[in-house]
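> Everything below, folded, please.
(one chain, ligands or ions: 1)
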Amino acid sequence: MTALLSIGRLRLRHGARELFDLADFRLDAARAYVLTGANGAGKSGLLRALAGLERADAEQLVFAGRALALAPYPRAMREAVVYVHQEPVMFSTSVAANIGYGLRARGVAPARAAPLVAAAMAWAGVEHLRDFDPATLSGGERQRVALARGKVLAPRLLLLDEPTANLDGTAREQVIALIPQLLAGGASVVMACHDRDLIGLPGVSRLKLRDGRIEYR
Ligand SMILES: Nc1ncnc2c1ncn2[C@@H]1O[C@H](COP(=O)(O)OP(=O)(O)OP(=O)(O)O)[C@@H](O)[C@H]1O
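Next up is the predicted model:
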């Protein structure tokens, strides 16, 4: 299996407290992982560090075959790594504008972006909401918009922070139903979660964060 990301040593500290110190952390290309661990184990911290949202110390980092430093966060990773927050923040514009935002920020012309946004909305089942302000949506609808906003950027690494947290019933099932299609797209996906149905998805490897170390299951 080809590695998408390998890091000889990855440490995250908050003040005097060390959250984790990982040796030989590795994510394979086109592989899906669930990241489990007790509350406060550092799952969000790990995803945020990989996304450049939190400052961690990395040694011997190789991403997509290139030796890189994690700080300042390298452009090659900024373009290839997408983090989806469990309570996604959205602009008070429209669903379509939110999903298209990242493409616009990358300089994709509107004529090229429009069909990509339309396809992402269809995938997430939110076409009927295209002109709605995200603030008026339910939690499940917002999470599906957030997934579409990540998917439309065609990331090589998608980091999902508790994608089904705060959801139940149909809303939760609708989000879970989107995950296998994300995995089929060829990206590597890491989902921090406690949700047994996500952990049990076929073809998903398990990473467990415990006592500051990663266990590969
Ligand atoms: N900016 C910060 N400064 C200091 N401590 C922080 C900061 N951010 C998070 N923490 C602490 O770091 C620890 C790990 O947090 P993190 O959110 O990564 O855990 P988690 O495994 O994702 O937990 P959960 O399952 O509850 O979401 C927690 O004790 C949290 O309070």
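> Where does residue 72 sit: helix, strand or coil?
At residue 72 the chain is in coil, as set by DSSP: H, G, I helix; E, B strand; the rest coil.
> Dihedrals phi and psi, it?
phi -60, psi 150 (degrees, to the nearest 10).
> Repeat that for residue 5.
Here residue 5 shows phi and psi, under degrees, to the nearest 10, equal to phi -140, psi 130.
> Residue 91 now?
phi -80, psi 150.
> Check whether it really touches residue 98, as I assumed.
Yes. Taking C-beta atoms under 8 Å as the definition, residue 91 is a contact partner of residue 98 at 5.7 Å. Quick note: C-beta positions are derived from backbone N, CA and C, even for glycine.
> Stretch 33-41: end-to-end distance?
17 Å (C-alpha to C-alpha, to the nearest Å).
> Within range of the ligand, give me the residues from this structure.
14, 19, 37, 39, 40, 41, 42, 43, 44, 45, 192 (C-beta under 6 Å from any ligand atom).
> Of these, which belong to helices?
43, 44, 45 (DSSP state H).
> which residues of the chain fall in helices?
43-50, 75-78, 95-105, 110-124, 139-151, 169-184, 196-199.
> would you turn those helices into TSV with mean pLDDT?
Shown next, in TSV, are the helices of the chain (pLDDT from 0 to 100):
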stretch	mean pLDDT
helix 43-50	97
helix 75-78	96
helix 95-105	96
helix 110-124	96
helix 139-151	94
helix 169-184	88
helix 196-199	86
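> count of residues packed around residue 34?
The tally of other residues near residue 34 (other C-beta atoms under 10 Å) stands at 25.
> oh, I was asking about residue 214
20.
> residues contacting it?
20, 22, 25, 207, 208 (C-beta atoms under 8 Å, 6 or more residues apart in numbering).
> Among the helices of the chain, which comes closest to residue 215?
helix 43-50 (12.9 Å; C-beta to C-beta).
> Give me the most central residue, the protein.
By C-alpha atoms, centre = their mean, the mean C-alpha position of the chain lies nearest to residue 159, the distance being 1.9 Å.
> picking that back up, considering the contacts of residue 214, which possesses the most neighbours?
residue 20 (23 neighbours).
> So that one is in contact with residue 209, correct?
Yes. In terms of C-beta under 8 Å, residue 20 counts as a neighbour of residue 209; the distance is 6.5 Å.
> shared neighbours of the two, which are they?
42, 46.
> Now do the contacts for residue 152.
Here residue 152 is in contact with 99, 100, 102, 103, 116, 117, 119, 120 (criterion: C-beta under 8 Å, 6+ apart).
> Now it: closest residue in space, sequence neighbours ignored.
residue 120 (4.0 Å; C-beta to C-beta, 6 or more residues apart in numbering).
> burial measure for that neighbour, as a count.
There are 24 residues near residue 120, going by other C-beta under 10 Å.
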